[in-house]
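**Student:** Here is my input; please provide its structure:
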Amino acid sequence: MRFGIVGAGKMGGEIETMAARRGHDVVWKLGSRDNTGGAGLTRERISEADVVFEFTNPGAAVQNLTALARSGATVVCGTTGWDRELPRIADEFRSGGGALVHSANFSVGVRHFFELAKLAARLYPAAGYAAYLVEEHHAEKRDAPSGTARRIAGIVEAESGATPPIASVRAGTVPGFHRLVFESPEDEVELVHRARGRAGFARGALWAAERIAGRQGVFEFGELLGEVRE
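**Tutor:** Model (predicted):
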């Protein structure tokens, strides 16, 4: 497959490296200097790629996704912090005839963590435990709390009726750490996911690209994983 990458950061580099290992070609890659306001995403450039990866920042993602949608592109987006614009962006992709896979986290390990969080949130609050979340990421990550932490908090709230507080740390080079705690006066239970690097996120994003090629519509990453389990 032929890939385009919007975002010249560390995730873009990880995807490029892993794509080559899996026999794919990265035909172009755009950094922020080449793509001010989405100007680098011309129809001609977009047409050269079967799938485009969008891993930038919240400020750039909406313009990029709008340009990609209007060109009928197939896109895997791992940028977080633009959730409020999702309904409009989804409509743009449906109208343009393209496809979008979006997620706050493309790690398969994290997706299973969500399922564990759902079960735990049914059990522990009912027994008098209070929940809270701690998440840590590298100093360059701009949104806080992380999209993954917000998703976990939403799961806990849906199952227990209480919104857990979230503590966020932005420091160093931490690729990703999430700790969900259920605490009582007598003891506490922790669920922890610690990313060892960005490879797990890149692997999931590439799997999503391979899965979505040739399709139309808007999908959350978990929906594609659910198709495999069915």
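
**Student:** Report the buried residues of stretch 47-61.
**Tutor:** Across stretch 47-61, burial judged by 16 or more other CB atoms under 10 Å covers 49-57, 60-61. Glycine gets a C-beta too; all of them are placed from N, C-alpha and C.

**Student:** my bad, stretch 210-221
**Tutor:** Neighbour-count burial for stretch 210-221 flags 211-212, 218-219, 221 (criterion: 16+ other CB under 10 Å).

**Student:** Tell me where the chain has strands.
**Tutor:** 2-6, 25-30, 51-54, 74-77, 99-102, 130-137, 166-170, 177-183, 188-194, 217-220 (DSSP state E).

**Student:** if we can go back for a sec, could you identify the least confident member of the buried residues of stretch 47-61?
**Tutor:** For these, the least confident position by pLDDT is Asn57, scoring 89.

**Student:** Count residues in the vicinity of the closest residue to that residue other than its chain neighbours, would you?
**Tutor:** Nearest-residue entry for Asn57: Arg142, 5.6 Å, with adjacent residues in sequence omitted and distances by CB to CB, 6 or more residues apart in numbering. As a burial measure, Arg142 scores 12 neighbours (other CB atoms under 10 Å).

**Student:** Could I get the contacting residues of Arg142?
**Tutor:** 57-58, 81 (CB atoms under 8 Å, 6 or more residues apart in numbering).

**Student:** and the residue with the largest distance to the centre of the chain, how far is that from Ala127?
**Tutor:** Most distant from the centre of the chain: Glu186, at 36.0 Å, with distances by CA atoms, centre = their mean. Note on Glu186: its distance to Ala127, by CB to CB, to the nearest Å, is 11 Å.

**Student:** and the helix ranked longest in the chain, which residues are buried?
**Tutor:** Under DSSP state H, the helix in the chain containing the largest number of residues is helix 108-123. For helix 108-123, a neighbour-count test (16+ other CB under 10 Å) marks 110-111, 113-114, 117, 120-121 as buried.

**Student:** got it, and stretch 28-47?
**Tutor:** Residues of stretch 28-47 classed as buried by neighbour count (16+ other CB under 10 Å): 28-30, 35, 38, 40-41, 45-46.
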